[in-house]
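In: Provide a 3D model corresponding to the input given below.
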Amino acid sequence: MATPFSCSASDLTPLLGSTATNLNTTLLADFLCSRFTAISTRFNETTYAIDNTYLLFSAYLVFAMQLGFAMLCAGSVRAKNTMNIMLTNVLDAAAGGLSYYLFGFAFAFGAPSNGFIGRHFFGLYDYPSGPSPAGDYSFFLYQWAFAIAAAGITSGSIAERTQFVAYLIYSSFLTGFVYPVVSHWFWSADGWASPIRSDNLLFGSGAIDFAGSGVVHMVGGIAGLWGALIEGPRIGRFDRAGRSVALRGHNASLVVLGTFLLWFGWYGFNPGSFLTIVKAYGDGGSYYGQWSAIGRTAVTTTLAGCTAALTTLFGKRLLVGHWNVLDVCNGLLGGFAAITSGCSVVEPWAAIVCGFVAAWVLIGFNKLAEKVKYDDPLEAAQLHGGCGAWGLLFTGLFATERYVNEVYSGRPGRPYGLFMGGGGKLLAAQVVQILVVMGWVTVTMGPLFYGLHKLKLLRVSDKDETAGMDLTRHGGFAYVYNDEDEASVKPEFMMRRVGPTDDASPCP
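Out: Numbering: from 1, shown residues only. Next comes the predicted model:
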């Protein structure tokens, strides 16, 4: 927000000269000050409106990623489970909306609070409206869109074999408690590892996870990892000799559509995490400010994803001998997940390094998953968990001094990337974040999935899984190939089975 303009009659009176009486001079000064104050107020209101509109638009973009997740998931599963996976994506948004409203937002941003968890604004009760975007309802909407993204990641890992009630339970728990606590640690001004704390920063820096490689992607990926491990692989995923059997998704077109929708939404995910746009850097007087950093963040995001896609394309070509659009789509998303942490504090050339390594991280984790017979239909744990962890390390290596001080202003001399000459303190904070996110999600989501497993609420029966959950749990298949109730759509003639009849006479 801009600093309000201040004006007093005593400041203006000496400037008005002595041509008028003292009374007239004072009245004129008061009038001019009132006009200046009104103009200043209007400028501040306009600044606030622009910032708030920017945040709302970013929230809409991030929410649109749910459609991307839905399309990606639908295309990546077999046709017999399409309705099931689509319903879980709707559930992530709906159940996540209520749980985040009632509990999640308060645990994440309920200030004042301690370093571990927030404790105010349950059900948005007494939530302040203004005077900053972080105190407006648009901020809640933006953070809710992030929370349901984490839940959507998890649903991909346990697709095609999970009971619907399990989705309802884990989605509410993840968005209402598990994810909010992590976001409080690293994004709240009170969080113990947050880079925006006023004092006692972790290693003098705090962990820089600007848009959520760890907070969103690792949380969703690690939660999915435990769900898939406890459930076990899908029927037929590995043969009796332990060899991998591909259970391919039914629609590559939906995968590509979902990937492009996610790409589009990522421009709200990463650049939108600045929360405001009307902010000048330095003393002003130039056209360089937060709007410039937002543009640079969009560029680094784009370059990381593009590099990861091309690296995956040629890497998989060398490894398996063909060009695979599904692998390219996952590689692209892996690059985005990795750059999300450091997108605002690295140079564009460094984003290319990030994307290149992210592609090989994803390929490597997929190979490891096959070795240990781990089944993740959307590669969510490998992509979001593995590439998210790499993104945190990447930030600790390549964050630049100038951008760190611009984005996290107010504390000169902050540590920055190890490879950029900033020492190892930021890298140490990033490693701590990786470890605590893994630990927290393990001790919360692991027991939840195990408890659901023991209560026989986690996995569907073998019969239901083989037949497909669309038919056994959701009333029918997603795709209608013919409609027996509508005679108008039947063909005018049909081929019939030809066979002997009782009245047929033998040929002479």
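In: Look up how far Val460 lies from Gly410.
Out: 53 Å (Cβ to Cβ, to the nearest Å). Just so you know, the C-beta spots here come from the backbone N, C-alpha and C atoms, and that holds for glycine as well.
In: Neighbour count: those two, which is higher?
Out: Val460 (20 against 8; other Cβ atoms under 10 Å).
In: C-terminal to the longest helix seen in the chain, what's the next element?
Out: Longest helix in the chain, counting residues (DSSP state H): helix 22-76. Next in sequence after helix 22-76, counting helices and strands by DSSP states H and E, comes helix 82-99.
In: Could the C-alpha coordinates of that following helix be exported in CSV?
Out: In CSV, the C-alpha atoms belonging to helix 82-99 read as follows (Å, rounded to 0.1, in the frame of the first residue of the first chain):
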residue,chain,number,x,y,z
THR,A,82,-13.6,-41.9,-15.1
MET,A,83,-16.7,-40.9,-13.1
ASN,A,84,-15.1,-41.9,-9.9
ILE,A,85,-12.0,-39.7,-10.4
MET,A,86,-14.0,-36.8,-11.7
LEU,A,87,-16.2,-36.9,-8.6
THR,A,88,-13.2,-36.9,-6.3
ASN,A,89,-11.9,-33.8,-8.0
VAL,A,90,-15.3,-32.1,-7.4
LEU,A,91,-15.2,-33.4,-3.8
ASP,A,92,-11.7,-31.9,-3.2
ALA,A,93,-13.1,-28.4,-4.0
ALA,A,94,-16.4,-28.8,-2.2
ALA,A,95,-15.3,-30.6,1.0
GLY,A,96,-12.1,-28.6,1.0
GLY,A,97,-14.0,-25.3,0.9
LEU,A,98,-16.0,-26.1,4.0
SER,A,99,-13.1,-27.6,6.0
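In: what mean pLDDT does the helix or strand following it have?
Out: Where DSSP H and E defines the elements, the next helix or strand beyond helix 82-99 is helix 105-109. Averaged across helix 105-109, the pLDDT comes to 95.
In: And the contacts of helix 105-109?
Out: For helix 105-109, contacts defined as Cβ atoms under 8 Å, 6 or more residues apart in numbering pick out 117-124, 134, 139-140, 143-144, 176-177, 179-181, 183-184, 187-188.
In: Mind giving me the ChimeraX command for buried ones among those?
Out: Applying 16 or more other Cβ atoms under 10 Å to those, the buried members can be selected in ChimeraX as follows:
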select :117,118,120,121,122,134,139,140,143,144,176,177,179,180,181,183,184,187,188
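In: Okay, and which of the contacts of helix 105-109 map to helices?
Out: Reading helices off the contacts of helix 105-109 with DSSP H, I get Phe139, Phe140, Gln143, Trp144, Tyr179, Pro180, Val181, Ser183, His184, Trp187.
In: show me what contacts the third one?
Out: Going by Cβ under 8 Å, 6+ apart, Gln143 touches Tyr100, Phe105, Ala108, Phe109, Ser183.
In: ok, now the second one?
Out: Phe140 makes contact with Tyr101, Phe105, Leu124, Tyr127 under the criterion Cβ under 8 Å, 6+ apart.
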